[in-house]
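[1] requesting a structural model of the entry that follows:
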Amino acid sequence: MTDPLYGLAFCFKKSGVAFYQGLAQALSNAAATFARARIRVVIGYLDDLDPANVAQRILALREQIDGLGVVAVDHPVVREAVATLRDAGVPVVALISELSTAAGAGYVGVDNRVMGRTAGWFISRLAAAPGSSAVMVSSQRFQCQELCEFSFRSYLADHSGDWELLASRLTLEDDDFAYGNTLDLLAGEPDLVGLYIAGGGIAGVVRALREHKAQEARLPVVICHDLTPLTREALKSGLVQAVLSHPVASVAEQAVSALVEAVKDGSTGVIARVMLPIQIDVPESV
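    Residues are numbered from 1 along each chain as shown. Model (predicted):
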């Protein structure tokens, strides 16, 4: 008997981001090797991250697919769009960043509370002494970044009253904006001890760190997310001290499996919530 054919769509942020390109390839591989069904995968990118645009893109897929995986901001119009798909019988799984319960989506990713606290652990161990520390996020509308930021701050506050936790800086998922904001932070806080990049724009941050180092200025301990050719090189060159990654292959396999099972069961009421372990890389491991 021929295995059933399912159409699964996956929508990510920013098409030029290496992490999402890697995730797209991992999802295609997971679909191609899935043993219990034939899967047609459609990959889309959300270069315009305005919530209304994201919601519109989600709704446009309603009649075209059997299941959807999405990385999106946790905004009311996005949740409403996801709930509309769910009510139409199309299961949705949030990848990397969870959506609020009202959306009715599953989740495949890491525990972002653990991610943020792990970043805090590294900075507290690698810094010569407690001091000022900052977080850079793309947008606090992404639950993953909100949790990472809060948990990072919570860890440092719990472990020493001598940490000065500065106001968070935005990257807006834009490398040029992140570059300028990083240079501004380094110039305005010459005694910065720790920097945690919990969102996108990493290419801009790394460019700023490289220029700062070239001026023989002292760099903070830097922790960022997701091992790519860029962050691997940043580790090797000493610009970054640790990279905390989503296990991309496992995320892809679990997302495909969760969506197929939800489609086969014909129920979008209870969709898998899968927490995966963090991948940790330091200069000696790459």
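[2] buried stuff in the helix or strand harbouring residue 86?
    Secondary structure assignment for residue 86, by DSSP states H and E: helix 76-87. Buried residues in helix 76-87, defined by neighbour count with 16 or more other C-beta atoms under 10 Å: 77-79, 81-86. (Glycine included, C-beta is placed from N, CA and C.)
[3] same thing with stretch 250-268?
    250-263, 268.
[4] could you do stretch 155-172 as well?
    Result for stretch 155-172 [16+ other C-beta under 10 Å]: buried residues 155-156, 163, 166, 168-172.
[5] repeat for stretch 90-101
    By 16+ other C-beta under 10 Å, the buried positions in stretch 90-101 come out as 90-99.
[6] any regions of the stretch 51-200 of the chain where pLDDT drops low?
    Residues of the stretch 51-200 of the chain meeting the criterion pLDDT under 70: none.
[7] which residue ranges of it form strands?
    Counting by DSSP state E, counting those that start in this stretch, the stretch 51-200 of the chain has strands at residues 67-70, 92-95, 106-110, 132-137, 164-165, 169-170, 192-197.
[8] give me the number of neighbouring residues for residue 41.
    20 (other C-beta atoms under 10 Å).
[9] what's stretch 151-170 in contact with?
    With contacts defined as C-beta atoms under 8 Å, 6 or more residues apart in numbering, stretch 151-170 is touched by 112-117, 119-121, 123-124, 129-140, 149, 177, 181-182, 185, 189, 192, 194, 196, 198-199.
[10] picking up where we left off before, adding distance to residue 13, write the strands of the stretch 51-200 of the chain out as a markdown table.
    Listed next are the strands of the stretch 51-200 of the chain as a markdown table, based on distance: least, C-beta to C-beta, whole Å:
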| stretch | distance to residue 13 |
| --- | --- |
| strand 67-70 | 10 |
| strand 92-95 | 11 |
| strand 106-110 | 14 |
| strand 132-137 | 13 |
| strand 164-165 | 27 |
| strand 169-170 | 15 |
| strand 192-197 | 15 |
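[11] out of the ones you listed, which is closest to residue 42?
    strand 67-70 (9.5 Å; C-beta to C-beta).
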